[in-house]
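**Student:** below: sequence and its predicted model.
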Amino acid sequence: MKIGEKLRSLRLKNNLTLSELAARTELTKGFLSQVENDMTSPSIETLSDILEVLGSNIGEFFTKNQVQQIVFTKNDYFENETDDYLIKWIVPSAPTNEMEPMIMEIKPFKKSLVIRPHKGEELGYVLKGKVTLVIGNKHYLVEEGSTFYIEGNQSHYLLNNFEEPCKLIWVSSPPSF
């Protein structure tokens with residue numbers, strides 16, 4: 001069981017940033033990031049403290065028979081907005097699933113975050129506008145109504161070098177955001 005993925009999902013469900021969780025648990029943001037990325041494991045006491053802040057407990061956290069949510073509404077979404085883009089995680093529990101769907105809006109003359117090489121695949125569908133998919137030193141124009149499907153084995157990002165915002169559905173498998 002990947003504890004980090006479940007903790008990240010629970011944190012996102014509670015609309016908390018790593019910084020907010022760190023402040024509430026009196027742990028460092030770096031430590032929590034390592035826990036969420038399964039680079040280190042918390043002690044039982046520390047895990048219990050984290051779960052208490054997230055409105056859960058050890059028993060609930062390790063119960064496998066949780067009811068799976070099928071339909072998600074706007075109220076379930078988690079959003080992260082920067083100066084360059086807005087990401088809406090439309091299935092907040094996605095880090096514990098096999099794929100992670102999101103809606104991304106990239107502002108004019110801005111770019112998405114750079115995704116480092118990883119195992120897995122990604123799919124994007126442009127709902128509005130157009131965007132340039134950059135993989136290594138190659139550039140691919142993806143226009144409204146078009147789809148891209150790539151392996152994650154190279155660094156890549158989306159560049160909106162146009163005057164209009166671009167809105168797309170982006171699905172990553174396994175979850176990587």
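**Tutor:** Great, that's in hand.

**Student:** so where's the chain uncertain?
**Tutor:** 1, 64-67, 93-96, 177 (pLDDT under 70).

**Student:** what about 90?
**Tutor:** 1-6, 9, 13-16, 38, 55-80, 89, 91-100, 118, 173-177 (pLDDT under 90).

**Student:** quick one: furthest residue from the center of it?
**Tutor:** Distance from the centre of the chain peaks at residue 45, with 27.1 Å (CA atoms, centre = their mean).

**Student:** need the nearest residue in space to residue 169, chain neighbours excluded.
**Tutor:** Leaving aside its sequence neighbours, residue 169 sits nearest to residue 125 (CB to CB, 6 or more residues apart in numbering; 4.6 Å). Every C-beta, even on glycine, is put in place using the N, C-alpha and C of the backbone.

**Student:** the one you found pairs with what?
**Tutor:** Note on residue 125: beta-bridge partners residue 147, residue 169, judged by DSSP bridges.

**Student:** quick revisit: could you verify that the residue farthest from the centre of the chain is part of a strand?
**Tutor:** No: read with DSSP: H, G, I helix; E, B strand; the rest coil, residue 45 is helix and lies in no strand.

**Student:** not counting sequence-adjacent ones, nearest residue to residue 77?
**Tutor:** residue 88 (5.0 Å).

**Student:** which element is that neighbour on?
**Tutor:** strand 85-89 (DSSP states H and E).

**Student:** next, the buried residues of that strand.
**Tutor:** 85, 87-89 (16 or more other CB atoms under 10 Å).

**Student:** next one: stretch 53-69
**Tutor:** 53-54, 56, 61.

**Student:** using JSON lines, lay out the residues you listed together with distance to residue 164 and secondary structure.
**Tutor:** Listed next are those as JSON lines, based on distance: CB to CB, whole Å; DSSP: H, G, I helix; E, B strand; the rest coil:
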{"residue": "53", "distance to residue 164": "41", "secondary structure": "helix"}
{"residue": "54", "distance to residue 164": "39", "secondary structure": "coil"}
{"residue": "56", "distance to residue 164": "42", "secondary structure": "coil"}
{"residue": "61", "distance to residue 164": "44", "secondary structure": "helix"}
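
**Student:** closest to residue 12 among those residues?
**Tutor:** Relative to residue 12, the closest of the buried residues of stretch 53-69 is residue 54; by CB to CB it sits at 10.1 Å.

**Student:** tell me how the chain divides into domains.
**Tutor:** 3-62, 74-173 (automatic domain parsing).

**Student:** contacts only, for residue 81.
**Tutor:** By CB atoms under 8 Å, 6 or more residues apart in numbering, the contact list for residue 81 reads residue 87.

**Student:** just so I have it, where are all the strands in this structure?
**Tutor:** 78-81, 85-89, 100-106, 110-111, 121-128, 130-135, 138-143, 147-151, 156-160, 166-173 (DSSP state E).
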